[in-house]
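Engineer: starting from these lines, generate the structure:
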Amino acid sequence: MSWGASLCGVVIVLALHVTPARAQLAGHGGPVRAIAMSRDGNSLLSGSFDTAAIRWSLKTESADQVLRFHSDAVNAVAFLKDGRMATAGADARIGIWTPGRPQPDQIFEGHRGPIVALGESPDGTRLASASWDHTVRVWSLADGKAQVLEGHAQNVNGVAFAPNGRSLVSVGYDRELRIWPMSGGTPKLVVLPAPLNAVTVAPDGDIITGGADGKVRFLTPEGEQTGEVQAGVTPIIALAISPDATLIAAAAIRGVVAVIDRKTRSIARTLADAGSPVWSAAFLIDNATLLTGGGDGKIRRWNARTGEPIGASLQAATRDPLAAFAGDHGAEVFRACIACHTLSEKEPQRAGPTLAGLYGRRIATLPGYHFSDALKGMDIVWTPETVARLFEVGPNAYTPGTKMPEQRIGSAEDRRALTDFLARATSQ
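Structural biologist: From the prediction side, this is the model:
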């Protein structure tokens with residue numbers, strides 16, 4: 001069960017829990033979908049399913065800024081050459097930010113589906129975006145005008161410029177790798193054996209892509225395949241290349257990260273993240289430290305050359321947010337909701353709004369959370385009766401326009417247990 005964006009707004013209170021041994025940066029309330037390093041190596045930018053991006057100081061190991069703009073998951077982030085930042089989300093929008101400012105300087109709109117990857121041109125004048133609307137767009141960072149590149153038949157999952165800026169590489173679920181000449185003309189089309197989820201380009205122009213078959217494939221700048229590595233048994237969903245281009249990190253859906261020696265095209269070592277999906281990865285400028293963004297909302301550090309985690313053990317169990325309600329039937333009904341909602345404003349924000357102070361509040365009225373216009377126009381006040389009705393008939397019928405997945409609670413007893421639990425748990 002997920003309560004989506006249908007119940008209430010949120011006042012953001014970000015809790016940071018940083019281990020003394022530098023193992024984790026914890027502040028997101030959902031999977032860390034993207035991470036990027038600043039060019040000076042002092043800052044990290046992360047984007048999450050919780051709809052937020054965070055700019056971290058790696059010197060102080062704390063959050064310098066929480067970026068709130070997107071109304072859905074932040075799937076891609078980037079530091080730009082001019083010192084600004086870019087964030088892109090499942091809401092099909094791109095925000096261009098100046099560090100320290102509370103809202104984007106520019107907003108790029110035009111995609112009709114989630115944006116899942118970004119790439120900046122080497123000269124810093126253009127930004128490319130890959131979208132599930134089957135297109136790539138190349139945006140002018142000066143005026144926001146976009147060139148639309150069409151041809152993929154399915155979701156476009158990755159995009160990266162060639163080092164000389166003369167071409168752009170895109171990969172998609174249609175198994176196609178396309179090399180687009182930026183001067184115009186027909187792209188070079190390469191069809192590979194599996195759907196493609198990620199791509200990166202080395203400083204010498206070689207192309208590296210990760211597939212749904214767990215393989216990492218290497219291609220020349222012209223698109224000729226030169227080798228492959230079986231990096232995992234589950235789909236590769238993120239790639240990172242070290243600044244010196246000697247190592248490739250390939251993250252798989254089950255939390256295994258293969259560190260590949262690019263020269264020998266072999267797995268040098270494997271990192272295991274306790275079975276939690278690793279959604280993103282980035283190397284520090286020392287070429288040895290790898291950061292991974294996990295499905296539990298944490299960013300972890302690893303020594304990529306030894307395979308060891310940096311800092312305290314990463315295997316400690318995550319605190320159960322419902323531990324205080326052990327034996328409460330209503331809490332067990334609510335358990336499926338905790339992936340998207342908190343019961344207290346003191347917890348890190350997740351994908352949906354906090355339910356703190358739920359009863360007595362009109363739908364979509366608190367500041368700090370992006371509600372759809374459809375919800376803002378509804379005349380619903382949350383009470384035990386209206387919450388019960390929501391799950392009796394389902395969100396699509398009761399709150400049309402919500403992002404909340406369709407679901408119902410068929411048992412009147414379970415609905416009553418849930419509403420009684422919320423009365424206790426959200427009024428503390």
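Engineer: could you pull out the strands in the stretch 201-350 of the chain for me?
Structural biologist: Under the criterion DSSP state E, counting those that start in this stretch, strands of the stretch 201-350 of the chain are mapped to 207-211, 215-219, 225-230, 236-241, 247-252, 256-261, 266-272, 278-283, 289-294, 298-303.
Engineer: buried residues in the third one?
Structural biologist: Buried residues in strand 225-230, counting neighbours by 16 or more other Cβ atoms under 10 Å, are found at 228-229. Just so you know, the C-beta spots here come from the backbone N, C-alpha and C atoms, and that holds for glycine as well.
Engineer: buried ones in stretch 99-111?
Structural biologist: 104, 106, 108, 110-111.
Engineer: dump the strands of the stretch 201-350 of the chain to a markdown table, plus mean pLDDT and distance to residue 187.
Structural biologist: Listed next are the strands of the stretch 201-350 of the chain as a markdown table, based on pLDDT from 0 to 100; distance: least, Cβ to Cβ, whole Å:
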| stretch | mean pLDDT | distance to residue 187 |
| --- | --- | --- |
| strand 207-211 | 97 | 13 |
| strand 215-219 | 98 | 14 |
| strand 225-230 | 96 | 17 |
| strand 236-241 | 96 | 21 |
| strand 247-252 | 95 | 24 |
| strand 256-261 | 95 | 27 |
| strand 266-272 | 91 | 31 |
| strand 278-283 | 94 | 27 |
| strand 289-294 | 92 | 31 |
| strand 298-303 | 90 | 35 |
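Engineer: isn't residue 116 right next to residue 73, touching?
Structural biologist: No. Under the criterion of Cβ atoms under 8 Å, residue 116 makes no contact with residue 73, lying 9.4 Å away.
Engineer: where does pLDDT dip in the stretch 251-400 of the chain?
Structural biologist: 273-275, 311-319, 336, 339, 348-351, 367 (pLDDT under 70).
Engineer: neighbours of residue 294, how many?
Structural biologist: Under the neighbour criterion other Cβ atoms under 10 Å, residue 294 is assigned a count of 23.
Engineer: and it, what does it touch?
Structural biologist: 31-32, 255, 273, 276-279, 300 (Cβ atoms under 8 Å, 6 or more residues apart in numbering).
Engineer: of these, which is the most crowded?
Structural biologist: Counting neighbours by other Cβ under 10 Å, the top entry in those is residue 32, with 31 neighbours.
Engineer: in this structure that residue contacts residue 298, no?
Structural biologist: Yes. Between residue 32 and residue 298 there is a contact at 7.3 Å, judged by Cβ under 8 Å.
Engineer: any idea which of the buried residues of stretch 99-111 is closest to residue 81?
Structural biologist: residue 106 (15.2 Å; Cβ to Cβ).
Engineer: what about the residue nearest to that closest one when sequence neighbours are not counted, which helix or strand?
Structural biologist: Counting by Cβ to Cβ, 6 or more residues apart in numbering, the nearest residue to residue 106 once its immediate chain neighbours are dropped is residue 96, at 4.1 Å. Using DSSP states H and E, residue 96 sits within strand 93-97.
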